[in-house]
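Chemist: need a structure here:
(chains A and B)
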Number of protein chains: 2
Amino acid sequence: MRESTFALGETVEKLLAEKKFHTLRDILITMRPADIAILFEEIQPALFRLLPKELAAETFVEMDSDVQEQLIHGFSDTELKEVVDELYADDAVDIIEEMPANVVKRILLQADPEMRKTINELLNYPEDSAGSVMTTEYVTLRPQMTVGDAIKRIRRTGMDKETIYTCYVTDGARVLIGVVSLKSLILAEEDELIQDVMIPEPISARTSDDQESVATLFSRYGMGALPVVDQENRIVGIVTVDDAIDIMEEEATEDIEKMAAIAPSDKPYMKMSVFEIWKNRIPWLLILMASATFTGMIITSFEHALAAQVALTAFIPMLMGSGGNSGSQASVTVIRALSLGELGFRDILRVMWKETRVSVFCGLVLAAANFLKIVLVDMLWMQRDGVTVSVALVVSAALALTVLCAKIVGSAMPLLAKRVGFDPAVMASPFITTIVDAISLVIYFQIATMALSL
Amino acid sequence: MRESTFALGETVEKLLAEKKFHTLRDILITMRPADIAILFEEIQPALFRLLPKELAAETFVEMDSDVQEQLIHGFSDTELKEVVDELYADDAVDIIEEMPANVVKRILLQADPEMRKTINELLNYPEDSAGSVMTTEYVTLRPQMTVGDAIKRIRRTGMDKETIYTCYVTDGARVLIGVVSLKSLILAEEDELIQDVMIPEPISARTSDDQESVATLFSRYGMGALPVVDQENRIVGIVTVDDAIDIMEEEATEDIEKMAAIAPSDKPYMKMSVFEIWKNRIPWLLILMASATFTGMIITSFEHALAAQVALTAFIPMLMGSGGNSGSQASVTVIRALSLGELGFRDILRVMWKETRVSVFCGLVLAAANFLKIVLVDMLWMQRDGVTVSVALVVSAALALTVLCAKIVGSAMPLLAKRVGFDPAVMASPFITTIVDAISLVIYFQIATMALSL
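Modeler: Just a heads-up that it's a prediction; the model follows:
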């Protein structure tokens, strides 16, 4: 898809150079806004002026914020007003949130008064709340209307609405009392009343709800749009399914970044500056380096034993690695299940019991494989100094115990984090690994000093 | 949401015990299929027989496959037929794919001949292809129809279609020539022709396309449904947005599991047996343990140097940990960008150059922090044996170099994997960590032996 857009880019540049603007316009208006957006990032923003108003606004929404900013700088006030007039309020807010203050001021100046009021209201909702992602362009109906009247109303007002497929039934005080799909309106008789075809008590979100819980409702109920209500249950906006998809991707990316010890960002990788990437990565690297100091201190306190049995040192990376991998398997599984709403804190005992059994089987297999490997490779084949059957037994026992501890800690930590209000995703691999590293070394050295009497 | 369903469970069980079936039915029919499904997992499947046919089928689809199987075993043939008749073909296929052969046979026997044919066709598409996730219930229109006729057709046939909001315009040979939204039909004049209001050359997927690329199209274009065509461009099915959302969640979970060295599964965690979880985790644990053996061999080959300078051992975990974390930050970022279609192999040089600059800044900050820590804590405060300014310099230099290598390897590996057709997600943390562990030790010992002349 991207490839073919690129190939087109050359054609467009050629037409531009030859000043064949009419041919160019004919090509552009057959394309989709998302594709034109990609094209624009590659070639001259001057192209933008050739587009009809509505298509121009739709394309503008699909662009990255730096291209938008660049374009706005080039716009006359009239051009800016034309684009702003065509935007949906939620898209305008998304754009404004990424712009520097002077550009925001210009945009608000060009918006008509009602639009400006809506934008300001939306900007006041907390970031990542349902209120901040909703749109205010939806269809409302009254319960006493007939289906025929409702369809007439939709035909009259539907053009500017973000969706007409779900309509919201409100009473005189704007309180949400039901939803009705366009499908049921089309399939109903013209003289039926809305109150008889609507679904009462629809699922809704509060303006202050987290956007993640909004996305969960979509994936659970497969809706086309979700109404957002205020504290008095009055409808103030809707979230449409395409916005919900964006939220889901954003939340999944955020979880993945946190699991890899990166501060989350909402910019695509290639759009971030080296400094921004550095800023998101260095804090966790420093924290984890500091915490690895404890692991070093544990090794130091057993320096005496290690000096007496240098062969033991060679197994440290394998032990720490297997422990870390076992722990992060458990923690990542639990974190994902928490994100998808499959697990809660109340399941902690069931989860820990399950992980205990899994880790016993994993630990036994790993210990057996490790014992065989040490005896066959290190002792018989390579005949390494100081590697004895006792050493093999010590390492294998430490391995089995480490896997057991790693899986229990790895599965319990995210659930505990959730309980006390921390973000479970932050508990993932690197954090768990540090804890498990320390545990595995203590187990190893304790067993070694006891069994080998060092 | 789940909590309140649980509380309801008790009420329902009480009503059941008191045989107040009518009250029970009145409660059930006000609930949503997804909520009834959860309720059913908790209480008696006997409840199912109380539901009206259509609601029964919708609820059945929302259930986990083990509950479905249990219910089917309790069904008479007539009861089974009633449920199967109400299912959409894609839902029937999803159910069948999870059932043992004898249950599949019973289901196919009860399906009417046309449904059976459709199910068999869908079952023949490769797993996770667009063909295997599509549904065959959609609205087709002809280009010469008027808008009025089209709406009449939708009213007549729309009841059984999975969506009526996007309709597909085909020629006599079923070739897809356009799409038209119900919105544009409602807003158009009754006597306009479909060919004048439709959007020609719609975006479509091939039956053999991977479901991940289908999901990408949804997130890019924000559609309600995507047509699926065969090699002759004839429409054979559609994928609706709620199915696309399921695919996205499934693919994100799969990526996350692979990043944590777990074989992907499509069952929820609590539904998996201890043996299934073990089976998904043990292969990678064994592979990674085996590969950690190389790290051990590197340490062994520097045993002499370590015996002379035991203080060096204490810094191994910090070095390997920081290297691993730096590498997985880079690899996870690149893997996610690949999944979202933001990056391709062609970007490899730009990515590596970016990571080089990021890692220089990260490496310098970490090395400086590490140098200060060793001098202040290990030397001046704890006065540890053998820790000198030279050792501090060696460890810090090794750290900076390790971070550089880790980030370059971490970012390049997923792109190379993608290029040669491997799954980039498998390249994530544990795999990269093993490579980086080896690299960091070689760097460390080389610098140490040279600088400290061991």
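
Chemist: any buried residues in the longest helix anywhere in chain A, and which?
Modeler: As assigned by DSSP state H, the longest helix anywhere in chain A is helix A:389-419. Neighbour counts over helix A:389-419 (16 or more other CB atoms under 10 Å in any protein chain shown) mark A:391-415, A:417-418 as buried. The C-beta positions use only the backbone N, C-alpha and C, and glycine is treated the same way.

Chemist: isn't residue A:325 right up against residue B:288?
Modeler: Yes: taking contacts as CB atoms under 8 Å, residue A:325 lies within contact range of residue B:288: 5.4 Å.

Chemist: more crowded one of these two?
Modeler: Set side by side, residue A:325 and residue B:288 show more neighbours around residue A:325, with 29 against 20, by other CB atoms under 10 Å in any protein chain shown.

Chemist: only alpha carbons, please: show the helix or strand hosting the more buried one as PDB.
Modeler: In the assignment (DSSP states H and E), residue A:325 maps to helix A:316-339. What follows is helix A:316-339, C-alpha atoms only, in PDB (Å, rounded to 0.1, in the frame of the first residue of the first chain):
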ATOM      1  CA  ILE A 316      25.900 -17.300  37.200                       C
ATOM      2  CA  PRO A 317      24.700 -16.000  33.800                       C
ATOM      3  CA  MET A 318      22.700 -19.200  33.000                       C
ATOM      4  CA  LEU A 319      21.000 -19.100  36.500                       C
ATOM      5  CA  MET A 320      20.200 -15.500  36.300                       C
ATOM      6  CA  GLY A 321      19.000 -15.700  32.700                       C
ATOM      7  CA  SER A 322      16.700 -18.700  33.300                       C
ATOM      8  CA  GLY A 323      15.300 -17.100  36.400                       C
ATOM      9  CA  GLY A 324      14.700 -13.800  34.600                       C
ATOM     10  CA  ASN A 325      13.100 -15.500  31.600                       C
ATOM     11  CA  SER A 326      10.800 -17.600  33.800                       C
ATOM     12  CA  GLY A 327       9.800 -14.600  35.800                       C
ATOM     13  CA  SER A 328       9.000 -12.400  32.800                       C
ATOM     14  CA  GLN A 329       7.000 -15.200  31.100                       C
ATOM     15  CA  ALA A 330       4.700 -15.200  34.200                       C
ATOM     16  CA  SER A 331       4.600 -11.500  34.700                       C
ATOM     17  CA  VAL A 332       3.900 -10.600  31.000                       C
ATOM     18  CA  THR A 333       1.100 -13.300  30.800                       C
ATOM     19  CA  VAL A 334      -0.600 -11.800  33.900                       C
ATOM     20  CA  ILE A 335      -0.100  -8.200  32.800                       C
ATOM     21  CA  ARG A 336      -1.800  -8.900  29.400                       C
ATOM     22  CA  ALA A 337      -4.700 -10.800  31.100                       C
ATOM     23  CA  LEU A 338      -5.100  -7.800  33.400                       C
ATOM     24  CA  SER A 339      -5.200  -5.400  30.400                       C
END
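
Chemist: how far off helix B:316-339 does that helix point, in degrees?
Modeler: On the basis of axes from the mean of the first three to the mean of the last three CA atoms, to 10 degrees, helix A:316-339 is oriented at 40 degrees to helix B:316-339.

Chemist: which is the next helix or strand following the longest helix of chain A?
Modeler: Next in sequence after helix A:389-419, counting helices and strands by DSSP H and E, comes helix A:429-451.

Chemist: what's that next one packed up against?
Modeler: helix A:274-301, helix A:303-308, helix A:316-339, helix A:389-419, helix B:316-339 (3 or more CB pairs under 8 Å, 6 or more residues apart in numbering or on different chains; DSSP states H and E).

Chemist: buried residues in it?
Modeler: For helix A:429-451, using 16+ other CB under 10 Å, the buried residues are A:429-445, A:447-449.

Chemist: do stretch A:21-39 as well
Modeler: A:24, A:28, A:31-39.

Chemist: mind picking the one among those residues that's closest to chain B?
Modeler: residue A:34 (5.4 Å; CB to the nearest CB).
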